[in-house]
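Undergrad: A structural model of the following input is requested.
(2 chains, ligands or ions: 2)
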Amino acid sequence: MNFFKRAWLNLTAKWGRSVLLVLVTSAIMLFVLAGLLIRNAANTATSNAKKSVGATITLSANREAAFKKMRQQTTSSSNKQQRPKLTTTPVKLSDAKQIAKLKNVASYNASVSTSANAKSFDAISTSSSGGMGGQTMGGMSSNGDILISGVTATSAVTSFSNNSSKITKGRGITASDAGTNNVVIESELAKQDKLSVGDTIKLKGTTGKKTTYTMKIVGIYKAASSASTEQGPGATDPANSVYTSYTFANTVKGSKYKNTADSVTFTLSNPAKASSVTAAGKRLISTSKYSLSSDDSSYQTVKASMNNVKSFADKIVWLVAIAGTIILALIIILMVRERRYEIGVLLSLGEARWKIVAQFFAEMVMVLVVSLVLAGFGGKFVGNKLGQQLISQQTTTTATTTIGSTNQQPGGGNGQAPSGNPGGSGQPSGNQTGGSARHGHQMTKGATADQSQLNIDVTLLDLVELGGFGLAIMFLSIMIASGGILRLQPKKVLID
Amino acid sequence: MLKVTDLGYWYDRQANSLFEHVNLNFESGTSYAIVGQSGSGKTTFLSLLAGLDKPRAGKIEINGEPINELGLTTYRRSQVAIVFQSYNLLTYMSPLNNLMTAMAITNAKHRGDRDYARSVLRKLGLSDQQMTKNVQRLSGGQQQRVAIARTMVCDAPLVVADEPTGNLDETNTKDVIAQFQKIAHEQHKCVIIVTHEPDVAAACDHAYRLAEHQFKKEA
Ligand SMILES: Nc1ncnc2c1ncn2[C@@H]1O[C@H](COP(=O)(O)OP(=O)(O)OP(=O)(O)O)[C@@H](O)[C@H]1O
Ligand SMILES: [Mg+2]
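TA: Numbers count the residues shown, from 1 in each chain, chains lettered A, B, ... in the order given. Ligands and ions are numbered 1, 2, ... in the order given. Below you'll find the predicted structure:
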């Protein structure tokens, strides 16, 4: 360990040079730290986003196969006058329960849609500008004015889970409501008919015996205000949508629908497993009758965009690390040249060359330790600045995406930027960091409205990681520069 | 102790070799002077003896073992101590630390013993205050005494010196020569000194002159 002592003596004797080395190393470490901070923030945001976006797979009738069958009937049938019928098979709950038992399936939600007519109260009628409002546009004769969404639990319905619909009074439908006539109605309907939780309403079936059902209001929800824009002509007002247990909706549809559902949606505990769960599920069902499709698009988009941020941050880290290695290697090469005489003296004393290299390395590690402390303090400052920058960028982005969200495809593809250009070249702010965070946020919008706080703080782990990078940089630099030590001829240095 | 057989050396791009077919023996407890004209190749010869360079022809053996088989680094570390005209001290250290470092590297018997290093430096006339300040703040004579002290604290049986008095005045020269004689006779080492100065050569037990590519014993 003699070289260790020499390293210390050298650094303290030539303290002016040591201070300069510390400053250069601190600057390089600070850049690496900034990159690491961005990357870690992106990682945190990614895992948060993954947790919140989730993924679902949906079991429903295989309409494609049904259509195919219908067309086959048309061609094979000799009687061209007879209209072919589209026959779809409702999903059997026993199948759904099988799939629910698969790994990575967190919960499932059966949904059954039907309608009935308001009997003891008035449905909200829309007879607005279009002139067609409130009209039933031919086709199905079974349409009532109250749209019944039978569910296992309202909390599992997308509009509730992403907070666009909210229970304002009472409670939502839960699994324990199965078999009851409990209902959750919209707040506008409740207001118009002066209904509140605990009241009962009557609904009349539209088919068969046209049974009258007495319903108990257990909750009132508020639908997203923008929901009306989604309505096409001929649809009933969204305020006329009520939620009941799927068992009730099946009862309204008729006895043959018992223990079935229009579709069953499975929520996955791990969105990354969507395709493997889908594949496993398909083995459990008759794929000619049913289709099982996954919707992990929001997860995929989040993943893709976060990967952009991450790869950008990774690039920063690597670029700075490589640049730092080159700079330090050059400095050390110069230092080795300046210290040829000293190296010659050590060699003439019989010191092993690797121990001289080790002395240089030890000196740089000592410099690194001081630099890490300095960079740690500096990193707090840089981290704060970065955080502010990211958050202000996000605020503007949130506004942009809200405006653009109405025509956003379910795939959410519009957030995908070409990777490798995360800065967005034309951005007036021009800040690369901000630009990359922008993408990340755009992806997670809606699902992660309140995750805009990217946590940028220097932790001990960051410093340890930084130290690792620093050590690697020092090691590489010394290795590059050590050629000068290993080749040095002591005779040349000492005698000439 | 040190045996040179059929030794030859020439630099690239040089018409003649500096010396050829040199056969010499150097014994412990004896001091040798090597004299000769400037440019005759004395320093080159010494660098071969010191293991700083490899001969073009012939071989050098220490106690019967060829030094290239021992390994030049090991040879330098365990067998030779070198004193140069330009002192060759580690400039960022005090005299004391120079000695401590040399003892650590050469794995000397007294390694780690500060008091021993101090006593040797004191014998060579350095004050306690001079021992602990940077070597560059010492005079040339003082620095050369530190370099000599360094050879004394290391256990190497062979001491080679290239014009050790070249930068010194008369008093310092006498002093340094006396120290080399002590190293040879009291520490029972083999001391080989390259010098221009007849006084220094005369003080040594034997003298060789390098002329016309050969070493000849002086009277
Ligand atoms: N590295 C080298 N490459 C080529 N030639 C060299 C080299 N070093 C020395 N020489 C030449 O070899 C010859 C001997 O040099 P050397 O230094 O051994 O002489 P010297 O006897 O020590 O001289 P001085 O008494 O002046 O110190 C000189 O002519 C010198 O020019
Ligand atoms: Mg010379």
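
Undergrad: got a list of what residue 27 touches?
TA: You didn't pick a chain, so chain A it is. Neighbouring residues of A:Ala27 by Cβ atoms under 8 Å, 6 or more residues apart in numbering or on different chains: there are none. For the C-beta atoms, the positions are set from N, CA and C on the backbone; glycine is no exception.

Undergrad: sorry, should have said chain B
TA: Taking Cβ under 8 Å, 6+ apart as the test, what B:Glu27 contacts is B:1, B:190.

Undergrad: checking the spatially most central residue of chain B next. Helix, strand or coil?
TA: Central residue check for chain B by Cα atoms, centre = their mean: the C-alpha nearest the mean position is that of B:Val160, 2.0 Å away. Three-state call for B:Val160 (DSSP: H, G, I helix; E, B strand; the rest coil): strand.

Undergrad: what's the pLDDT at it?
TA: Listed pLDDT for B:Val160 reads 95.

Undergrad: and it, how far from chain A?
TA: For B:Val160, the distance to chain A (Cβ to the nearest Cβ, to the nearest Å) stands at 10 Å.

Undergrad: so that residue sits right up against B:Leu46, yeah?
TA: Yes - if you go by Cβ atoms under 8 Å, B:Val160 and B:Leu46 touch, sitting 5.4 Å apart.

Undergrad: give the residues shared as contacts by those two.
TA: Common neighbours of B:Val160 and B:Leu46 (Cβ under 8 Å, 6+ apart) are B:192, B:194.

Undergrad: off-centre distance for stretch A:266-283?
TA: A distance of 17 Å separates the C-alpha centroid of stretch A:266-283 from that of its chain, computed with Cα atoms, centre = their mean, to the nearest Å.

Undergrad: check the offset of the biggest strand by length in chain A from the chain's centre.
TA: In chain A, assigned by DSSP state E, the strand with the most residues is strand A:105-118. Distance of strand A:105-118 from the chain centroid (Cα atoms, centre = their mean) equals 26 Å.

Undergrad: show the subsequent helix or strand relative to it.
TA: Counting by DSSP states H and E, the element after strand A:105-118 in chain order, helix or strand, is strand A:146-151.

Undergrad: rewinding a little: what's the spacing between the residue nearest to the centre of chain B and ligand 1?
TA: 13 Å (Cβ to the nearest ligand atom, to the nearest Å).

Undergrad: now swap in A:Gln192 and tell me
TA: 106 Å.

Undergrad: for B:Ile148, see how far away the residue nearest to the centre of chain B is.
TA: Per Cβ to Cβ, to the nearest Å, B:Val160 is found 12 Å from B:Ile148.

Undergrad: give me the common contacts of the two.
TA: B:Val83.

Undergrad: circling back: for the residue nearest to the centre of chain B, give me its contacts.
TA: Contacts for B:Val160 (Cβ under 8 Å, 6+ apart) come out as B:46, B:49-50, B:80-83, B:191-194.

Undergrad: so which of those comes closest to chain A?
TA: Of all these, chain A sits closest to B:Ile82, with 5.2 Å by Cβ to the nearest Cβ.

Undergrad: contact partners for that closest one?
TA: So B:Ile82 contacts A:348, A:494, B:50, B:52, B:76, B:88, B:151, B:159-162 (Cβ under 8 Å, 6+ apart).

Undergrad: relative to the whole chain's centre, how far out is stretch B:139-152?
TA: Relative to its chain's centre, stretch B:139-152 lies at 12 Å (Cα atoms, centre = their mean).

Undergrad: now do stretch A:368-383
TA: Put simply, stretch A:368-383 sits 31 Å off its chain's centre (Cα atoms, centre = their mean).

Undergrad: right, and the helix or strand after the lowest-mean-pLDDT helix or strand in chain A?
TA: Of all helical and strand segments in chain A, the minimum by mean pLDDT, DSSP states H and E falls on helix A:432-444, at a mean of 37. Under the assignment DSSP H and E, the closest C-terminal helix or strand after helix A:432-444 is helix A:460-487.

Undergrad: which positions within that next one qualify as buried?
TA: Applying a neighbour-count criterion of 16 or more other Cβ atoms under 10 Å in any protein chain shown, one finds A:462-463, A:465-467, A:469-470, A:473-474, A:476-478, A:480-482, A:484-485 buried in helix A:460-487.

Undergrad: any idea of the mean pLDDT for stretch A:215-230?
TA: The average of the pLDDT scores along stretch A:215-230 is 76.

Undergrad: equivalent analysis for stretch A:322-333, please.
TA: On average, stretch A:322-333 scores 87.

Undergrad: now the strands for chain B?
TA: Secondary structure of chain B (DSSP E): strands located at B:2-9, B:19-26, B:31-36, B:57-62, B:65-66, B:80-83, B:158-162, B:190-194, B:206-211, B:214-217.

Undergrad: let me know the distance separating the residue in chain A positioned nearest to chain B from A:Gln98.
TA: Closest to chain B within chain A is A:Gly350: 2.5 Å, counting by Cβ to the nearest Cβ. Taking Cβ to Cβ as the measure, A:Gly350 falls 79 Å from A:Gln98.

Undergrad: spell out which parts of chain B neighbour ligand 1.
TA: Contact residues (Cβ under 6 Å from any ligand atom) of chain B with ligand 1: B:11, B:18, B:36, B:38-44.

Undergrad: mind running it again at 5 Å?
TA: Proximity of chain B to ligand 1, by Cβ under 5 Å from any ligand atom, involves residues B:11, B:38-44.

Undergrad: widest-spaced pair of the residues you listed?
TA: Among the residues of chain B next to ligand 1, the pair separated by the greatest distance (Cβ to Cβ) is B:Tyr11 and B:Ser38, at 15.6 Å.

Undergrad: so between those two, which is more surrounded?
TA: B:Tyr11 (11 against 7; other Cβ atoms under 10 Å in any protein chain shown).

Undergrad: these two touch, right, that one and B:Phe19?
TA: No - here B:Tyr11 lies out of contact with B:Phe19, judged by Cβ under 8 Å, at a distance of 11.9 Å.
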